[in-house]
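Asks: Need coordinates for the following:
(chains A and B)
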Amino acid sequence: MTDLLNELGAAHEQQQFGILDEYSKREIRRAILTAVAVPGYQVPFGSREMPVARGWGSGGLQLTLAVISPSDVIKVIDQGDDQGVNAVNLRRLIVQSTKVPETTTASDASIVQSRHRIPEDGLDEQDILILQVPVPEPLRGVERDMRELSRMHAEADYSKMWVSLYEDKVRNGVITQTTGYPCLVNDRYVIATTPIPRWDIPRLDQSPFLTLFGAGREKRIYAVPPYTAVTPLTFEDVPFEVEHTPGASCSQCGSNKTFLVEIPGPTSRWVCSDTDWCERNSGKA
Amino acid sequence: MKPVTAPDWVLKVENLGKVFGNLSTHGIANTGPEVGTSKDSVSGAIVAAWDVSFEVAAGEALGVVGESGSGKSTVMRCIAGDQVATSGAVKIRTTRNEQLDIFSLSAAERRQLRVNKIAVVYQDPAEGLEMNVTAGGNIASPLTAAGWRNFSEIRGRASELLNRTEVPLNRMDDAVKSFSGGMRQRVQLAKAIANRPPIVLFDEPTTGLDASVAAGVLDLIRGLLEEYGLAAVVVSHDFSVIEMLTTRCIVMNHGRVVESALTDQLLEDPHHPYSQKLVSAARA
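Replies: Have a look, this model is predicted:
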């Protein structure tokens, strides 16, 4: 009996790749397949307890560990930065539990897990972008009742979202929503593009790579398959605009065509959010 | 009771019934004006409305009058889709002159009717408006639901409607919760007619407003009915509202229609004892 148990345990050890057991991976993969089949639809899934706190990327981590294979190369970024605390810890967890190689170069990676950014370049048809999503429900700000939210999505009744954009424009003169900007996917479902900034939204439209959104705390997965239309909701006469600060350029590489973040201080300066792209383009890599 | 008819009807209600709970075998016979109750004494079910029939033509307003609990608001809510009727049919005539039984539609299709076919003005503006949203935003709601996607055009249409309903345009961008009761009702009217629906249901539209404000709102409603050629159903316990807005009306008591007549005839010469009681109370 003991031998049998040892044998089963050894087989289990041999099978397990990453932290998740095979049943969990299978359940998450099924949810991913549904999400890819119905672009933008939020698929409920049995979010597992992970060795990171809810809200620290547990949804993205589960997606990564469900789709990763030994032949993959992983890149993890936080706010575009490979060396952010969250990115370093998640990357260490993934690499130690799967033994897959890691990289900071987007073009070398086959899976990019990100909180906040899409890498400025390097993602193609073979790659998967996995986003850690804090709030997957785009309509949460305009409706609290979960049943009503389901109905609104089912009937594509997004008039409350349009009213919300109208109110934003009336009260502030511009549409102020930055991250989580609502977008229509494949002309059907509205998604929250959180956590990415508006800057990255045009890059989701007809992108060659698969984008998976995972919300561990809210137990939802949704997807933008390759070459799918992603249209930000905006009025015909109010053009969609991305973040831009006139005159700002990266203090390291000089770029003014990338998403820049401000480093506060007595003499504040701007740098590229995507540190890998910045290093490559300033010749420091 | 012979149904109130209109040859060129836009809205037709046929034998509408709404029961809350399970009726006993003789539940219908056990309730009604003759018995003096809407409650089935055997099962405890409430027959809120039963065998209600009427027709309304374009440009015409029909009054539904009765005291509290008579079933008039239940009839309106069944037509609007806020409640599911137990029996009967409600038909509307489409622009292609086809008859559409709205009870045969799915819940989603019923909701779609509320975008540009049937509008409701509630007694409580909080039911018909988002109180934290601006007056313009509230009007933008049915417009965006109908597919409007141009910000300037939405603003223009909202301004036009608020102007028509006599809401100061400098309040257009204020949250409705900061408005007085009368002004909230005016915003609700503007929202109701935003997509020019052929049918508008009014549920006690001036109840709760003081007399002078109510008179202004009634004047406005009467003007809109004429201007837009609406088929309207006006539910009210107040004969002065019915007298001012409607040409025909039905009187409801314990869920049944007890009398139907031209409004001025009813006020001059009510036949049913319950109608006589209502009219004499109103005259007093």
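
Asks: for the stretch 101-250 of chain A, what are the low-confidence residue spans?
Replies: The stretch 101-250 of chain A contains no residues with pLDDT under 70.

Asks: which bits of it sit near chain B?
Replies: A:154-155, A:157, A:159-160, A:162-163, A:166-167, A:169-171, A:235-238 (CB under 8 Å from any CB of the partner chain). Glycine gets a C-beta too; all of them are placed from N, C-alpha and C.

Asks: at 10 Å what do you get?
Replies: Proximity of the stretch 101-250 of chain A to chain B, by CB under 10 Å from any CB of the partner chain, involves residues A:142, A:151, A:154-171, A:175, A:233-238.

Asks: Buried only: go through those residues for me.
Replies: A:142, A:157-167, A:169-170, A:175, A:233-235, A:238 (16 or more other CB atoms under 10 Å in any protein chain shown).

Asks: biggest helix in chain B, by residue count?
Replies: helix B:211-228 (DSSP state H).

Asks: where exactly do the helices run in chain B?
Replies: B:72-80, B:107-116, B:125-128, B:135-145, B:151-164, B:181-192, B:211-228, B:239-245, B:263-268, B:273-283.

Asks: and of those helices, who's closest to residue A:220?
Replies: Nearest to residue A:220, of all the helices of chain B, is helix B:107-116, at 23.0 Å by CB to CB.

Asks: is the closest one up against chain A anywhere?
Replies: Yes: using CB under 10 Å from any CB, helix B:107-116 reaches chain A at B:107-109, B:111-112, B:115.

Asks: Let me know the secondary structure of the closest residue to chain B within the stretch 1-150 of chain A.
Replies: Closest approach between the stretch 1-150 of chain A and chain B, counting by CB to the nearest CB: residue A:142, at 9.1 Å. Recorded secondary structure, residue A:142: coil (DSSP: H, G, I helix; E, B strand; the rest coil).

Asks: how much space is there between it and residue A:247?
Replies: 36 Å (CB to CB, to the nearest Å).

Asks: and the residue nearest the centre of chain B, what are its bridge partners?
Replies: With distances taken as CA atoms, centre = their mean, chain B has residue B:201 as the residue nearest its mean C-alpha position (2.6 Å). Judged by DSSP bridges, the bridge partners of residue B:201 are residue B:120, residue B:233.

Asks: Dihedrals phi and psi, residue A:102?
Replies: phi -110, psi 160 (degrees, to the nearest 10).

Asks: Please apply the same query to residue A:191.
Replies: Phi and psi for residue A:191, reported as degrees, to the nearest 10, are phi -120, psi 160.

Asks: Likewise for the one 10 residues further on?
Replies: Main-chain torsions, residue A:201, degrees, to the nearest 10: phi -60, psi -50.

Asks: Return the residues of the stretch 151-284 of chain B in contact with chain A.
Replies: Within the stretch 151-284 of chain B, the positions near chain A by CB under 10 Å from any CB are B:151-155, B:158, B:172-173, B:175.

Asks: For the helices of chain B, please prepare JSON lines with the additional fields mean neighbour count and mean pLDDT.
Replies: JSON lines is the format used below for the helices of chain B (neighbours: other CB atoms under 10 Å in any protein chain shown; pLDDT from 0 to 100):
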{"stretch": "helix B:72-80", "mean neighbour count": "25", "mean pLDDT": "93"}
{"stretch": "helix B:107-116", "mean neighbour count": "16", "mean pLDDT": "92"}
{"stretch": "helix B:125-128", "mean neighbour count": "17", "mean pLDDT": "93"}
{"stretch": "helix B:135-145", "mean neighbour count": "25", "mean pLDDT": "97"}
{"stretch": "helix B:151-164", "mean neighbour count": "18", "mean pLDDT": "95"}
{"stretch": "helix B:181-192", "mean neighbour count": "24", "mean pLDDT": "93"}
{"stretch": "helix B:211-228", "mean neighbour count": "16", "mean pLDDT": "89"}
{"stretch": "helix B:239-245", "mean neighbour count": "20", "mean pLDDT": "90"}
{"stretch": "helix B:263-268", "mean neighbour count": "17", "mean pLDDT": "92"}
{"stretch": "helix B:273-283", "mean neighbour count": "15", "mean pLDDT": "87"}
